[in-house]
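In: got a sequence here, can you build the structure:
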Amino acid sequence: MNKINNKENKNRRMFLLFSHDITATQREDAKKTLGISEFVELPDDLQTLWSNIPADLEDIEVYLEPLKAYIVDVAKPNDCLLVQGDFGGTYHMVRFSKVHDFVSVYATTNRNVIETKEGNTIVKKSIFQHVRFREYV
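Out: Have a look, this model is predicted:
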C-alpha cells in the first residue's frame, strides 16, 4: 500500500539514513509531497555506523541493532525514513520500517554527464538532479 500520498500525512518527520547531505530541493519536495515538517539527522555515532557497514561481515542484522533501537525510540508510526546506502543495510532497514509502520522512501535523480578534455585527459563530471521521492513497496 502506498503511504506517500495519504492525505493524513501532515507534520511528520523524515529520518535521514543517508550518507550525504540532503539538498534544499529535496527538502522542499519532501515538505510539499510527503508532508515533512522536520528532518532528523542521525546522531554522529549512528551516522558513522550507517555510512561504514563493514564489507566483511557475513550478517549485518546485529550490527544494525543500535540504529533500529534508536529509530524505534524516537520515531512514530507514519514517520518517513529516507533510506539509501549499502544494499544489504537498505534491505534490512526497509523491512524493519514496514514492521514498525514507518514509510521508507528513496530519492530518484536524473544524471547529466559532462565530458571535458584537459590536455591529454578526458574529465567526466556527473551532475545528479533530484526528481522525486519514491516509496519502497
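In: mind giving me the packing neighbours of the lengthiest helix in the chain?
Out: In the chain, with assignment by DSSP state H, the single longest helix is helix 87-99. Packing partners of helix 87-99 (3 or more Cβ pairs under 8 Å, 6 or more residues apart in numbering; DSSP states H and E): helix 65-74, strand 80-83, strand 103-118. Any C-beta I mention is one placed from the backbone N, CA and C, and that applies to glycine too.
In: wait, which of those is closest to residue 129?
Out: strand 103-118 (4.8 Å; Cβ to Cβ).
In: partner strands of the next helix or strand after that closest one, with direction?
Out: Heading C-terminal from strand 103-118, the first helix or strand you meet, by DSSP states H and E, is strand 121-135. If you go by DSSP bridges, strand 121-135 pairs up with strand 103-118 (antiparallel).
In: quick one: mean pLDDT for the partner strand?
Out: What strand 103-118 shows for mean pLDDT is 93.
In: what does that strand contact?
Out: Strand 103-118 has contacts (Cβ atoms under 8 Å, 6 or more residues apart in numbering) with 3-4, 26, 34, 78-84, 90, 93-94, 97-98, 122-136.
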